[in-house]
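**Q** need the 3D shape of this:
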Amino acid sequence: MLLCVVGALGVTATPDLGEGRLLYYLLVPPLIPPALLLLVRDRDRERAMVAPTALCVLLGVWLLWAPLSLRWSPDQVTGAVKTAHITLALASAFCVLGLAGGRWDSSGALRTGWLLGFGVTSAVAGWELTTQRHLIDGPWMLAGNHALTSTFYNPNNYAAFLLACLPYLVWGTVTARRWASRQAHLVLLVVWIGLVIATKSRTGLLGGLAAAPLVAVWLGRSPALRRSPLAVQLLYTAVGAGLLLWLVAGTPIGQRLVLSYQSPFHPDRATLESDGVRVNLTRLGWDAFLESRLLGEGAGAFEVIAGQSGVAALGGLVNAHNGFIEVAAEFGLPVLLPLLGVIVAAGWTVFAVRVPRHLRAAAFDLRMVILLSLTAMLAASLAASSILSWPWWWLLVGQLAVLSWRLQAMGRSTTGQRAGRRPVVQRAGQRPAGRRRAESGERAGQRPAGRRRAESGERADQRPAGQRAIPLPYPSAVGRPSPW
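**A** Numbering: from 1, shown residues only. The predicted structure follows:
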């Protein structure tokens with residue numbers, strides 16, 4: 001939970017950009033030993049959990065290949081710093097995997113962590129809307145074009161973080177047991193919509209459009225699985241949210257936001273130039289990947305190649321603006337394939353795992369959280385200037401492995417087990433629990449348990465028949481008066 005909150009601090013929690021370097025260095029390393037110990041001692045490690053295995057393979061390959069790539073990097077100093085930062089962020093994903101594991105009781109802490117992170121960034125965004133100021137000024141600060149950045153350096157990064165928070169806001173709405181808690185989560189969803197619009201980022205709007213059908217299916221299917229009147233509550237809440245947005249639009253802050261809003265899809269000169277620069281950066285990274293014989297040019301090489309290319313169409317930018325292209329250009333297939341393996345493994349778990357009937361509601365929630373998290377992960381990697389050093393993105397990768405682990409464990413549980421418990425180990429030569437008649441007192445020649453009135457304690461000297469008698473613990477006690 002604390003890792004999610006630190007990840008929400010944006011640049012202040014990113015090792016290479018802000019004052020949060022000391023905080024993150026002090027927080028992550030002490031968590032690695034207990035996470036490793038819990039992961040080794042977990043009984044489910046003997047099973048073929050696909051996504052956690054893929055994440056561990058990614059971490060192992062990274063620890064071996066990333067330092068080796070420094071040997072042919074054009075800037076070894078910058079590459080070493082970048083490698084250390086990515087290693088620290090990737091270690092946070094491993095900590096999430098080890099500390100949370102496949103245990104159902106850890107999902108509440110993970111969900112709470114993302115909600116707290118959303119609350120921190122929302123508070124800073126509210127301060128931005130009120131004061132028209134930023135924590136960190138950036139090159140996008142144009143006259144009359146105020147875009148929310150919150151604790152992040154770039155509105156695209158903040159929009160990507162909001163997409164990562166969306167599945168946990170909806171998850172809290174669906175699983176809330178109290179009416180007040182459900183309404184509070186719905187209000188947070190309305191706030192989320194307003195913040196995404198205020199970022200004026202195509203990342204947030206396109207990601208929101210891609211996530212909208214998944215959210216609609218989730219909110220529509222979940223009440224049927226749980227047999228709850230959630231759909232009626234959502235209807236009333238939607239009407240209330242519309243009235244609330246209408247009232248906020250009349251306030252000075254709302255009027256300022258409405259008047260200054262400009263569609264990011266408007267085909268003006270700045271938008272077309274931005275799209276052209278991103279395409280050229282992607283081509284440059286792809287060419288570097290092919291010229292390196294699919295092994296990568298070394299850590300920190302993309303910035304050097306972009307700076308020396310002399311291509312005016314890059315607009316002076318040296319960051320890849322595409323996380324997967326950056327990984328391919330600098331570290332090659334040895335790192336790119338394990339990273340894609342985590343994504344494919346999480347997607348495979350969503351569509352391939354089958355669960356018992358009594359676990360379908362909880363499993364459906366996990367499937368939707370994984371799909372929405374994959375949407376946020378892909379949108380963030382294609383929007384931000386360089387996402388590899390941002391801790392929250394790697395926390396999202398680790399959480400994908402955790403949720404996939406939990407879903408696969410639910411698929412292997414039996415119909416009679418309750419969610420969250422490990423399977424009962426049956427010893428050699430022992431009869432199944434449902435057939436052990438010797439333990440239930442049903443021996444040959446006896447009457448069924450429902451007709452054995454002599455064993456039910458219905459005698460004149462015992463408690464009234466309206467009260468349920470406590471069954472005797474052992475078969476040898478049949479016929480004796482109950483000690484209760």
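
**Q** what is the burial count for Leu68?
**A** 13 (other C-beta atoms under 10 Å). The C-beta positions use only the backbone N, C-alpha and C, and glycine is treated the same way.

**Q** following the helix or strand hosting it, which helix or strand comes up?
**A** According to DSSP states H and E, Leu68 maps onto helix 50-69. Sequence order places helix 76-100 as the next helix or strand after helix 50-69, per DSSP H and E.

**Q** for the next helix or strand after that following helix, what does the pLDDT average out to?
**A** Once the chain leaves helix 76-100, the next helix or strand it forms, by DSSP H and E, is helix 107-131. Summarised as a single mean, pLDDT over helix 107-131 is 84.

**Q** who touches the helix holding Leu68?
**A** Helix 50-69 is contacted by residues 79, 83, 86-87, 90-91, 93-94, 97, 102, 296, 298-299, 330-332, 334-335, 338-339, 341-342, 344-346, 348-349, 397-398, 400-402, 404-405, 408 when judged by C-beta atoms under 8 Å, 6 or more residues apart in numbering.

**Q** what residues are up against Val335?
**A** Counting by C-beta under 8 Å, 6+ apart, Val335 has contacts 58, 61-62, 65-66, 296, 327.

**Q** taking those together, which two end up most distant?
**A** Leu58 and Gly296 (15.1 Å; C-beta to C-beta).

**Q** show me which of those two is the more surrounded one.
**A** Applying other C-beta under 10 Å to Leu58 and Gly296 shows that Gly296 carries more neighbours, namely 26 against 22.

**Q** can you tell me the element that one falls in?
**A** Per DSSP H and E, there is no helix or strand for Gly296.

**Q** which of the contacts of helix 50-69 are buried?
**A** Buried subset of those (neighbour count, 16 or more other C-beta atoms under 10 Å): 79, 83, 86-87, 90-91, 93-94, 97, 102, 296, 298-299, 330-332, 334-335, 338-339, 341-342, 345-346, 349, 397-398, 400-402, 404-405, 408.

**Q** which stretches of the stretch 201-350 of the chain aren't confidently modelled?
**A** 226-272, 310-316 (pLDDT under 70).

**Q** make that the stretch 1-150 of the chain, sorry
**A** 1-25, 42-48, 102-106, 136-146.

**Q** hmm, try it at 80
**A** Along the stretch 1-150 of the chain, segments meeting pLDDT under 80 span 1-27, 41-49, 101-109, 132-147.

**Q** which stretches of this protein form strands?
**A** Taking DSSP state E to define them, one finds no strands in the chain.

**Q** Ala299 touches Phe331, doesn't it?
**A** Yes: between Ala299 and Phe331 there is a contact at 7.1 Å, judged by C-beta atoms under 8 Å.

**Q** double-check Glu330 against Glu303; I have them as touching.
**A** No: using C-beta under 8 Å, Glu330 makes no contact with Glu303, being 9.4 Å away.

**Q** roughly how far does Ala176 sit from Leu219?
**A** 12 Å (C-beta to C-beta, to the nearest Å).

**Q** likewise Thr121?
**A** 24 Å.

**Q** next: Gly79.
**A** 46 Å.

**Q** same thing with Ser150?
**A** Relative to Leu219, and taking C-beta to C-beta, Ser150 is found at 26 Å.

**Q** which one of these two has more residues nearby?
**A** Ser150 (28 against 17).

**Q** list the contacts for the more buried one?
**A** 10, 121-122, 124-125, 128, 135, 158.

**Q** one more time with 7 Å
**A** 10, 121, 124-125, 128, 158 (C-beta atoms under 7 Å, 6 or more residues apart in numbering).

**Q** identify the farthest-apart pair in those residues.
**A** Longest span within the contacts of Ser150, C-beta to C-beta: Gly10 and Glu128, 12.5 Å.

**Q** give me the more crowded residue out of those two.
**A** More neighbours surround Gly10 than the other of Gly10 and Glu128, with 28 against 18 (other C-beta under 10 Å).

**Q** got the phi/psi numbers for Leu148?
**A** phi -70, psi 140 (degrees, to the nearest 10).

**Q** thought Tyr168 was touching Leu116?
**A** No: at 10.3 Å, Tyr168 does not count as touching Leu116 under the criterion of C-beta atoms under 7 Å.

**Q** which of these two has more neighbours?
**A** The residue with more neighbours, out of Tyr168 and Leu116, is Tyr168; 25 against 15, by other C-beta under 10 Å.

**Q** chain neighbours aside, what residue packs nearest to the more buried one?
**A** Trp114 (4.1 Å; C-beta to C-beta, 6 or more residues apart in numbering).

**Q** surely that neighbour meets Leu169?
**A** No: the criterion here is C-beta under 7 Å, and Trp114 misses it with Leu169 at 8.1 Å.

**Q** quick one, which of the two is more surrounded?
**A** Ranked by neighbour count (other C-beta under 10 Å), Trp114 and Leu169 place Trp114 first, with 27 against 21.

**Q** the more buried one and Trp192, how far apart?
**A** In terms of C-beta to C-beta, Trp114 sits 12 Å off from Trp192.
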